[in-house]
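Engineer: sharing a model prediction with you, sequence too.
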Amino acid sequence: MLVLMIGVLGWVGFTWTTTKGTTYSRELNRATFLAQSKMEELKQLSLSSDPTKLPLKDDGVINDLDNVAAPDHINADPNTVNSGQANTAVNAEGKTGQSDSIYFLIWNIADDCPVRGNKTVSVIVRWRSLLDRQFHQVTIKSVL
């Protein structure tokens, strides 16, 4: 009986660890997909639109590419620069108001960085994991 109990407890621990790893991996995959999708959208804007369009406009604060407290742009209203509005959570498909909407999408722009005439874009996806309730984030940067 004791041997069986030890085996069951080991199996429960293994199952919990596997579930935790799988959940985090799924959340990380979805966050990375959202960040890459937003970066591709912003790259298309940089190639085909007026460079003064708001989604690619810097808020004027220097060295704020990693700023998550007051980002240049948020998912809730991408046409507003540093508005102070609350960000709206999205799901893996970028839809708001869903039960799996745990991702917060922000992006920061740095004009004339690293050289004059270029923009450095930083897309950050933050989320609170459903399993451990801790915040995690994925950051993708690119020079346009």
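Structural biologist: Arrived safely, thanks for sending.
Engineer: hey, what's the residue nearest to the spatial centre of the chain bridged with?
Structural biologist: Centre of the chain computed as the mean C-alpha position; nearest residue by CA atoms, centre = their mean is V125, 0.7 Å away. For V125, the beta-bridge partners under DSSP bridges are L105, V138.
Engineer: return the distance of it relative to S99.
Structural biologist: V125 is 18 Å from S99, where distance means CB to CB, to the nearest Å. Quick note: C-beta positions are derived from backbone N, CA and C, even for glycine.
Engineer: re earlier: does the residue nearest to the centre of the chain touch Q36 like I think?
Structural biologist: No: with contacts counted by CB atoms under 8 Å, V125 stays clear of Q36, the gap being 9.5 Å.
Engineer: output the lowest mean pLDDT helix or strand found in the chain.
Structural biologist: Within the chain, no helix or strand scores below strand 73-74, which has a mean of 83 by mean pLDDT, DSSP states H and E.
Engineer: I'd like the distance between the residue at the greatest distance from the centre of the chain and V8.
Structural biologist: In terms of distance from the mean C-alpha position of the chain, M1 ranks first, at 48.8 Å (CA atoms, centre = their mean). The spacing between M1 and V8, counted by CB to CB, is 11 Å.
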